[in-house]
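Visitor: I'd like to go over a predicted model; first the sequence, then the structure.
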Amino acid sequence: MSLLWRDPWLKPLSRHDLGAEKCSYCEKRFVQIEFVTSCDFCEIGVMHDQCANKHILSEHKKQLESKINTHRDRPLHDYQ
Ligand SMILES: [Zn+2]
Ligand SMILES: [Zn+2]
């Protein structure tokens with residue numbers, strides 16, 4: 001099992017900053033409050049958080065797995 005920790009930092013973006021009015025994945029228009037994110041692997045644009053999860057799992061499974069593996073053996077905190 002792999003649990004991925006998404007950056008818990010919420011940054012409000014104005015519509016102008018986003019340059020997008022709808023989700024790049026499901027193409028639904030954004031309503032007042034949406035949790036959005038972008039893809040770590042490509043430049044698809046702004047998506048709903050949930051849509052990004054689906055997109056990454058379907059489009060970038062291999063890259064995701066290699067990313068998980070490169071981080072797996074690394075300790076969370078490096079006390080030297
Ligand atoms: Zn969406
Ligand atoms: Zn992508």
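Guide: Happy to help now that I have it. The structure presented is a predicted model; accordingly, all values stated were derived computationally and were not measured. Ligands and ions are numbered 1, 2, ... in the order given.
Visitor: pull the helix or strand with minimum mean pLDDT from the chain.
Guide: helix 15-18 (a mean of 62; mean pLDDT, DSSP states H and E).
Visitor: what mean pLDDT does the very next helix or strand once past that helix get?
Guide: Past helix 15-18, further along toward the C-terminus, the next helix or strand under DSSP states H and E is strand 36-38. For strand 36-38, mean pLDDT is 87.
Visitor: partners of strand 36-38, with directions?
Guide: Sheet partners assigned to strand 36-38 using DSSP bridges are listed as strand 46-48 (antiparallel).
Visitor: what comes up buried for whichever helix or strand comes after the partner strand?
Guide: The first helix or strand that comes after strand 46-48 along the chain, using DSSP H and E, is helix 49-59. For helix 49-59, a neighbour-count test (16 or more other C-beta atoms under 10 Å) marks 51-52, 55-56 as buried. For the C-beta atoms, the positions are set from N, CA and C on the backbone; glycine is no exception.
Visitor: next SSE after helix 49-59?
Guide: For helix 49-59, the following helix or strand on the C-terminal side (DSSP H and E) is helix 61-72.
Visitor: now do residue 14 against ligand 1, distance only.
Guide: 19 Å (C-beta to the ion, to the nearest Å).
Visitor: repeat for residue 59
Guide: Separation of residue 59 from ligand 1 (C-beta to the ion) stands at 14 Å.
Visitor: dump the residue contacts of that residue.
Guide: Applying C-beta atoms under 8 Å, 6 or more residues apart in numbering to residue 59 gives the contacts 39, 41-42.
Visitor: in PyMOL, select just the buried ones from these.
Guide: Of the contacts of residue 59, the buried ones can be selected in PyMOL as follows, counting by 16+ other C-beta under 10 Å:
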select buried, resi 39
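Visitor: next, format the contacts of residue 59 as a markdown table and append distance to residue 67.
Guide: Formatted as a markdown table, these follow (distance: C-beta to C-beta, whole Å):
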| residue | distance to residue 67 |
| --- | --- |
| 39 | 12 |
| 41 | 9 |
| 42 | 14 |
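Visitor: near ligand 2, which of the contacts of residue 59 show up?
Guide: Contacts with ligand 2 are made by 39, 41-42 out of the contacts of residue 59, judged by C-beta under 5 Å from the ion.
Visitor: good, we can wrap up now.
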